[in-house]
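Enquirer: Provide a 3D model corresponding to the input given below.
(one chain, ligands or ions: 1)
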Amino acid sequence: MIDLYYFPTPNGHKVTLFLEEAKLDYQLHEINILKGDQFDDEFLKFSPNNKMPAIIDQSPADGGEPVSVFESGAILLYLAEKTGLFLSKNFRERKETLEWLFWQMAGFGPMLGQNHHFVQYAPKKIDYAIERYVGETERLYSVLENRLEDRDYIVDEYSIADMATYPWAKGWEAQKMDIKQFPNVKAWLKRIEKRPATQSAYQKAELIKKEEMNDENKKVLFGNKKPEK
Ligand SMILES: N[C@@H](CCC(=O)N[C@@H](CS)C(=O)NCC(=O)O)C(=O)O
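Expert: Numbering: from 1, shown residues only. Next comes the predicted model:
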């Protein structure tokens with residue numbers, strides 16, 4: 001059994017995509033990042049960066065004590081190694097999957113995160129920041145577009161690299177991307193959307209109510225502060 005500490009955001013979806021594909025038994029625990037659950041002492045014991053997702057594997061491969069994992073990329077890799085799924089055992093394909101997983105974790109995710117921040121949430125519209133992050137988003141979509149030329153998935157077979165990238169690319173409209181410029185990405189998004197496990201993962205997300213962002217929860221999320229009681 002896997003305990004998943006989760007909120008329905010792109011980084012959270014990465015893990016439900018895996019768990020649904022692998023049909024692993026798991027339980028969702030809501031970490032409402034708009035209300036400050038990420039600062040709770042109990043959560044910080046296994047997720048010290050005060051961010052979700054995190055997991056606790058109650059039956060780890062070595063048969064020992066439960067194992068906790070934080071950071072979505074580390075979680076995907078942990079689950080792939082636990083199950084033997086979605087990470088090729090072929091030496092070269094495995095290397096490529098990890099390259100693209102790290103590309104998502106170090107580039108695509110963080111840059112698109114800044115895009116979301118400056119385009120949607122920043123209290124002041126800062127043209128320089130918007131141009132910088134929308135431009136970087138466009139560059140990263142072009143990299144993905146080239147990679148998907150003549151391929152169904154990032155490393156041929158559906159893998160943890162796709163699971164990491166899809167939930168972020170799904171938000172292209174809010175990121176000010178013109179998807180017509182990226183036909184390979186558009187077809188790849190459709191391909192993943194159609195997978196039954198993707199549909200179940202996003203249905204799970206619906207179980208958690210996510211309110212519209214207001215000034216109070218912006219203070220929590222962007223001020224790195226536990227809300228005052
Ligand atoms: N690098 C981390 C990023 C996780 C992350 O940014 N999580 C956000 C939601 S998508 C969060 O929990 N934010 C709470 C906060 O910043 O206080 C990962 O991939 O797991």
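Enquirer: what residues are up against the residue nearest to Asn32 when sequence neighbours are not counted?
Expert: Among residues not flanking Asn32 along the chain, Phe7 sits closest, at 6.3 Å (C-beta to C-beta, 6 or more residues apart in numbering). Using the backbone N, CA and C atoms, a C-beta is placed for each residue, glycine as well. By C-beta atoms under 8 Å, 6 or more residues apart in numbering, Phe7 lies in contact with Glu30, Ile31, Asn32, Ile33, Met52, Ile208, Lys210.
Enquirer: Among those residues, name the ones that also lie close to the ligand.
Expert: Checked against the ligand using C-beta under 6 Å from any ligand atom, those yield the following neighbours: Ile33, Met52.
Enquirer: buried subset of the contacts of Phe7?
Expert: Among the contacts of Phe7, those scoring as buried are Glu30, Ile31, Asn32, Ile33, Met52 (criterion: 16 or more other C-beta atoms under 10 Å).
Enquirer: Helix or strand: which one has the third one?
Expert: Using DSSP states H and E, Asn32 falls within no helix or strand.
Enquirer: go on, Gly12?
Expert: helix 10-22.
Enquirer: Neighbouring strands of the helix or strand following that helix in the sheet, and parallel or not?
Expert: For helix 10-22, the following helix or strand on the C-terminal side (DSSP H and E) is strand 26-30. Partner strands for strand 26-30, per DSSP bridges, with pairing direction: strand 2-6 (parallel).
Enquirer: For the strand it pairs with, list every residue counted as buried.
Expert: Ile2, Asp3, Leu4, Tyr5, Tyr6.
Enquirer: And for stretch 174-183?
Expert: For stretch 174-183, by 16+ other C-beta under 10 Å, it's Gln175, Met177, Phe182.
Enquirer: Which ones among those residues lie within helices?
Expert: Residues of these located in helices (DSSP state H): none.
Enquirer: Turn these into TSV, including pLDDT.
Expert: As requested, the buried residues of stretch 174-183 are exported to TSV (pLDDT from 0 to 100):
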residue	pLDDT
Gln175	98
Met177	98
Phe182	98
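Enquirer: Quick one: the strands in this protein, in order.
Expert: With DSSP state E as the criterion, the chain has strands at 2-6, 26-30, 54-57, 67-70.
Enquirer: Turn those strands into CSV, including mean pLDDT.
Expert: Putting these into CSV (pLDDT from 0 to 100) gives the following:
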stretch, mean pLDDT
strand 2-6, 98
strand 26-30, 97
strand 54-57, 98
strand 67-70, 98
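Enquirer: could I get those as JSON lines with distance to Trp100?
Expert: Output for the strands of the chain, formatted as JSON lines (distance: least, C-beta to C-beta, whole Å):
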{"stretch": "strand 2-6", "distance to Trp100": "23"}
{"stretch": "strand 26-30", "distance to Trp100": "25"}
{"stretch": "strand 54-57", "distance to Trp100": "22"}
{"stretch": "strand 67-70", "distance to Trp100": "20"}
